[in-house]
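>>> coords please:
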Amino acid sequence: MKKNMRYALILLSICAVSAFLLAFTNSITAPVIEEMDHQSRLKALEAVSGGLEIGEQESVEEQRFVTYRIPLSEEGEHTGWILGLKGASSRFRHRRRCSLPLMPKRSAAQASPSPPSPRRSKQAATT
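Okay, here's the model as predicted:
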């Protein structure tokens, strides 16, 4: 019985020290991770904003599939939005269709010849 209590206390002390070290590490790294997430999000927003000024994120409750919107402006004038959309639920997945128009097939006379591959051009140069 005493042996089991000793093992339990040793295990408890190892767990307590590990939990303390994990909490300490988290307190140090949490602000750094938060800043990196903020910079990554800002970089992604700048990539889709097209050089426009990015406003503050606003929650949207009145729209079914829009969760948030971020206004875009140019010289103080509102010009567009970046929208955060909800994903489709599993019950609608079988109903999704491609809504893009199909490109008409080109005839052989309209088709441009494909450029030669680098391997072919090297072989042609050596022979």
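>>> Please name every helix or strand in contact with the helix ranked longest in the chain.
Assignment by DSSP state H gives helix 2-49 as the longest helix of the chain. Packing partners of helix 2-49 (3 or more C-beta pairs under 8 Å, 6 or more residues apart in numbering; DSSP states H and E): strand 53-54, strand 77-85. Any C-beta I mention is one placed from the backbone N, CA and C, and that applies to glycine too.
>>> for the ones you listed, which one ends up most surrounded?
strand 53-54 (a mean of 14; mean count of other C-beta atoms under 10 Å).
>>> Which strands border the next helix or strand after that strand, and is each parallel or antiparallel?
Following strand 53-54 in sequence order, the next helix or strand is strand 58-59 (DSSP states H and E). In the sheet, strand 58-59 lines up against strand 66-74 (antiparallel) (DSSP bridges).
>>> what angle sits between the strand it pairs with and strand 77-85?
160 degrees (axes from the mean of the first three to the mean of the last three C-alpha atoms, to 10 degrees).
>>> mean confidence for strand 66-74?
Average pLDDT, strand 66-74: 89.
>>> relative to helix 2-49, how tilted is that strand?
Counting by the same axes, to 10 degrees, strand 66-74 lies at 40 degrees to helix 2-49.
>>> list the buried ones in strand 66-74?
69-72 (16 or more other C-beta atoms under 10 Å).
>>> ok, now stretch 28-35?
Applying 16+ other C-beta under 10 Å to stretch 28-35 flags no residue as buried.
>>> Kindly report the same for stretch 50-59.
Buried, per 16+ other C-beta under 10 Å, within stretch 50-59: L52.
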